[in-house]
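Undergrad: Provided below are the primary sequence and the corresponding predicted coordinates.
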Amino acid sequence: MTMQAVHLTLPLFLALCISSIQAKADAKTDTEGRASTVFFSLNLGPSAGWISHPEIKKNGQLGLEYDAAFGLGLTRRWAIGFELSTWSPPNIDGNPSHLHLFAPRVEYTVGEKDGLVLAAAAGLALADGSAVKSLGFGIMSQMGYRVPLSKLITLAPQFGTHVAIHEDGGYALAPFAAVELRFWGHTGLRL
């Protein structure tokens, strides 16, 4: 098993283990139904990236990881949503470039809105810039710790990794550290 596979599967494995332990407690508290929540979050932080592509000579770049996510809380611990993320190094072989991920996401929170959070997304990866333009498949995994700033705003330091495999044979790996600012709202719908 490669290190990339460990980075991607460990958060999901931990989420499943924690989920099975919490299932009985959730069943008792969620039987009456509860109002669902919606969220919107913004992340920003440093990232390193390694790219393998026939048209790129230089490898290993520092850059910025920034993304936006939005979604719906299904239970006290599970949420689904959509991830729009970008890794932006200053230049790749002297050319500006970006690596994007557009994907559905799932997240598991050990507490209700606060505490340890594990998230994963899988979907369309896009490399865009003057050096390379290609489509592919990308995945993201991240782990963080969410802290409340108010009833409707949380802050979460987090780390994770993006992996993309492109149609032209290139691939990218970009581990990152970031800070998430999340805004919460209530829909009034009972799930």
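TA: Yep, that arrived.
Undergrad: partner residues bridging Phe159?
TA: Met143, Ala177 (DSSP bridges).
Undergrad: Now the closest residue to Ala178 other than its chain neighbours: which helix or strand?
TA: Residue nearest to Ala178 in three dimensions, not counting chain neighbours: Gly45, with 3.0 Å by Cβ to Cβ, 6 or more residues apart in numbering. C-betas here are computed from N, CA, C, even on glycine. Per DSSP states H and E, Gly45 falls inside strand 35-52.
Undergrad: And for the helix or strand following that strand, what's in contact with it?
TA: As assigned by DSSP H and E, the chain's next helix or strand after strand 35-52 is strand 61-73. Defining contact as Cβ atoms under 8 Å, 6 or more residues apart in numbering, one finds that strand 61-73 is touched by 36-51, 79-92, 101, 105, 107, 162, 174, 176, 178, 187.
Undergrad: Show me which residues of the helix or strand following strand 61-73 are buried.
TA: Downstream of strand 61-73, the next assigned helix or strand under DSSP H and E is strand 78-88. For strand 78-88, burial by neighbour count (16 or more other Cβ atoms under 10 Å) applies to 79, 81, 83-88.
Undergrad: of all these, which comes closest to Val147?
TA: Nearest to Val147 out of these is Ala79 (Cβ to Cβ; 17.1 Å).
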